[in-house]
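In: below is the sequence, then the predicted model.
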Amino acid sequence: RRKKSLKKEKGRRTPHKRSSLEKFSFCPARSIDRFIDPDRFLTCVADAIWNEAGLPGISPVAVTSTSGYFCTVASLGIVFSPPSTEHHLLILPDFYHESGHLLHERPGLALFGPRFRQALIDHAQDMRNQVRRVSHPLKLETIADVLSRWERRWAEEVACDVLAARLVGPAYGWSNLLLCLQSPNVCSIGADHPADAARTSHIFRVLRRCGWGAQVEKMENQWNRYVKTVGQKKANHYNDYHPDRLFIAVMEDVEEATRNLNPYRAGSDTIAEILNLAWQQFLSDPVGYDRWESQTISTLRKNLLK
């Protein structure tokens, strides 16, 4: 009965997913030469997330095979996750971030656009006006670097953060803090991502805007203690690289582009609710969390794979 059910599900989505896997087999990174039980489970989780949030198009194939963290081949509809992800609920909110990359690649659904472009033009002009400022004067190559990073990668990463915070709520904020603990320097300006500290502040902003102020206060208390303890300093021109106006413009663009999706609501019977309950359980009873998580995943598997 189990095999029959899966076969039927596959048949419903076969053309897209078979095509994705066949195309991927010709790529240099041939990581998918098997589709095992953890992949099947996470693919079912992805399908549930897609349906619950009202995301357009076909849900991705999920593969538990990467030496790093989550990553996405958006053009092929494939999300890679770290090994053993299927056993850990606390990092799964990041799957919603990866969903943003998939959406942004799809025709007719750009997560950000007019507000971001205008804000970038305004910021560029402000920076050019500051080339002759006395304190930390800006060089023209610095201005070009700021604009290039936002246009090339940063705006999309920030948009995916906004989408994830809207779709999975406080769980994404806590998951982000967990990820930041692994960062060698949360104030470091990355090539593909804004500094973790800037992203964290913005995630807090989005969650507040969605009505999760009380949860954000708890996160901020933990975050401020951590930042004070590690004592990492902001790099030169940090504020030029991370102006609030660009983060806010992207947030407003995402809100407009995804107004027909289903943001997270507490008490809903969804994957997002399970992930928020997981974080609540971990924070309130870390000793008993492993047992709770194991039982919850077991029930989830039965429900998704029946």
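Out: Arrived safely, thanks for sending. Numbering: from 1, shown residues only.

In: the most centrally placed residue in the chain and residue 175: what is the separation?
Out: Most central residue of the chain, judged by C-alpha distance to the mean C-alpha position with CA atoms, centre = their mean, is residue 97 at 1.9 Å. Plainly put, residue 97 is 9 Å away from residue 175 if you go by CB to CB, to the nearest Å. C-beta coordinates here come from the backbone N, C-alpha and C atoms, glycine included.

In: and the helices in the stretch 201-306 of the chain?
Out: When assigned using DSSP state H, counting those that start in this stretch, the helices of the stretch 201-306 of the chain occupy the ranges 213-230, 238-241, 244-257, 271-284, 289-305.

In: how about stretch 227-241: buried residues?
Out: For stretch 227-241, burial by neighbour count (16 or more other CB atoms under 10 Å) applies to 232, 234, 237-238, 240-241.

In: and what of stretch 80-99?
Out: Using 16+ other CB under 10 Å as the burial criterion, the residues of stretch 80-99 that qualify are 80-82, 85-86, 89-99.

In: ditto for stretch 54-66
Out: Along stretch 54-66, these residues count as buried under the neighbour rule (16+ other CB under 10 Å): 55, 58-66.

In: near residue 137, how many other residues are there?
Out: 11 (other CB atoms under 10 Å).

In: and it, what does it touch?
Out: Applying CB atoms under 8 Å, 6 or more residues apart in numbering, we find residue 137 in contact with 130-131.

In: give me the three-state assignment for it.
Out: coil (DSSP: H, G, I helix; E, B strand; the rest coil).

In: how close does it sit to residue 240?
Out: In this structure, residue 137 and residue 240 are 11 Å apart, going by CB to CB.

In: try residue 143
Out: Taken as CB to CB, the span from residue 143 to residue 240 is 8 Å.

In: which residues do residue 137 and residue 240 both contact?
Out: When contacts are counted by CB under 8 Å, 6+ apart, the set common to residue 137 and residue 240 consists of residue 130.

In: sorry, back to before: the buried residues of stretch 54-66 in strands, which ones?
Out: Residues of the buried residues of stretch 54-66 located in strands (DSSP state E): 61-63.

In: not counting its neighbours along the chain, what's nearest residue 263?
Out: When the adjacent residues along the chain are set aside, residue 263 lies closest to residue 166, with 4.7 Å between them (CB to CB, 6 or more residues apart in numbering).
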